[in-house]
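1. 3D model of this:
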Amino acid sequence: MKMLTDPPVVSLVGSSGSGKTTFLEKLIPCLVAKGFVVGTIKHDSHGFDMDIPGKDSWRLKKAGARVSLVASPFQIGMVRDTDCDRRPDELAEFFPDVDIIIAEGYKRAKINKIEVFRREISERPVCGNDEYLMAMVSDSVPDTEVPCFGLDQAEAVADFIVSSLNLSACSAGNQNEAAS
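-> Predicted coordinates for the structure are as follows:
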């Protein structure tokens, strides 16, 4: 694999509608069952507003706060202004307690990628010649030199990621338990 960060990042890429999120919903539980603490990044090149208009946090952000955090005993949410589109490795600082980051998107980034490809959605893979392409997940057998898995093989893809990145489920999850 080309680029290793701490924690390592693998991005699922593909055409819109190819099933990236659906496959991630299958892949993440496989990694969690193996003992890994998983973080995710969803890339949205069009921008988004995840705060609810009219709520206090939205009002404070609109008043000029550069960073706005909503915290409860169960979760933390943050909205932060940025001056550019950040790469996943630049966002890794927000994931200090995970073993692996699985991103969705970033098809042009220089990071490890697995492409979800379906012929009914696209004529050819979007990352076919990408040197960072690790594998394909497809409903067909695309012409590629990287390993290819079926859309129902999330467990095999999880094993492939663990093996390819030489991961061990002992870092973040067990450190948090040891600190308790």
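2. and the residue nearest the centre of the chain?
-> Ala103 (1.5 Å; CA atoms, centre = their mean).
3. now that one: how far from Leu91?
-> Ala103 is 9 Å from Leu91, where distance means CB to CB, to the nearest Å. To be clear about C-beta, it is placed using only N, CA and C from the backbone, and glycine gets the same treatment.
4. and for Ile121?
-> 27 Å.
5. more neighbours: which of these two?
-> Leu91 (17 against 14; other CB atoms under 10 Å).
6. what sits in contact with each of Ala103 and Leu91?
-> Ile41 (CB atoms under 8 Å, 6 or more residues apart in numbering).
7. residues contacting Leu69?
-> Per CB under 8 Å, 6+ apart, neighbours of Leu69: 76-78.
8. so which of those comes closest to Met134?
-> Met78 (29.8 Å; CB to CB).
9. next, count neighbours for that closest one.
-> 12.
10. show me what counts as buried in the longest helix anywhere in the chain.
-> Counting residues, the longest helix found in the chain (DSSP state H) is helix 20-33. Buried residues in helix 20-33, counting neighbours by 16 or more other CB atoms under 10 Å, are found at 20, 23-24, 26-28, 30-31.
11. please name the nearest non-neighbouring residue to Ala169.
-> Distances taken as CB to CB, 6 or more residues apart in numbering place Gly35 nearest to Ala169, at 3.2 Å, with adjacent residues excluded.
12. just Asp139 next, same as before
-> Leaving aside its sequence neighbours, Asp139 sits nearest to Arg118 (CB to CB, 6+ apart; 5.1 Å).
13. shouldn't the one you found be in contact with Val137?
-> No: with contacts counted by CB atoms under 8 Å, Arg118 stays clear of Val137, the gap being 9.3 Å.
14. so between the two, which is more surrounded?
-> Val137 (27 against 16).
15. so which strand or helix has that one?
-> strand 133-138 (DSSP states H and E).
16. let me know the angle separating that strand from helix 20-33.
-> 110 degrees (axes from the mean of the first three to the mean of the last three CA atoms, to 10 degrees).
17. which other helices and strands does strand 133-138 contact?
-> If contacts are counted by 3 or more CB pairs under 8 Å, 6 or more residues apart in numbering; DSSP states H and E, strand 133-138 sits against strand 112-117, strand 148-150, helix 154-164.
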